[in-house]
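# need a structure here:
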Amino acid sequence: RWRPPPDRPVDGAEPWLRNLEGGGDGTIAVIMPCFKQRAFVAEALRSIAAQTYPAASITVVDDASPDGCAEEATRVLEEL
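The predicted model follows:
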């Protein structure tokens with residue numbers, strides 16, 4: 001069972017986070033694919049940033065989307 005490091009308690013965190021199997025330090029990495037979904041990129045990134053348990057990293061994977069997903073993601077991430 002996962003146990004929080006002594007210097008990073010997770011009291012009040014979601015129950016699923018306290019019960020992760022395996023090791024790790026409790027940080028969350030978000031990987032978000034994006035292809036022809038520019039209209040939703042800003043909302044999705046702001047939602048990730050607003051979570052009660054913060055993401056240590058957010059990676060947006062742009063699969064050569066023709067609608068400018070990468071540019072929109074960059075713009076929003078610079079605002080956050």
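# Please, where are all the strands along the protein?
Along the chain, the stretches classed as strands by DSSP state E are 28-34, 55-62.
# Out of those strands, flag the one nearest Glu78.
strand 55-62 (12.3 Å; Cβ to Cβ). The way it works is simple: take the backbone N, C-alpha and C, and place the C-beta from them, glycine included.
# what does the closest one rub up against?
Residues from elsewhere that reach strand 55-62, judged by Cβ atoms under 8 Å, 6 or more residues apart in numbering: 27-35, 41, 45, 48-49, 69-70, 73, 77.
# Quick check: PyMOL command selecting the buried ones in those residues.
For the buried members of the contacts of strand 55-62, the matching PyMOL selection, counting by 16 or more other Cβ atoms under 10 Å, is:
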select buried, resi 32+34+41+45+48+69+70+73
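# could I get the strands of the chain as CSV with mean pLDDT?
Formatted as CSV, the strands of the chain follow (pLDDT from 0 to 100):
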stretch, mean pLDDT
strand 28-34, 89
strand 55-62, 87
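# so how far is Ala73 from Ile28?
Distance of Ile28 to Ala73, given as Cβ to Cβ, to the nearest Å: 18 Å.
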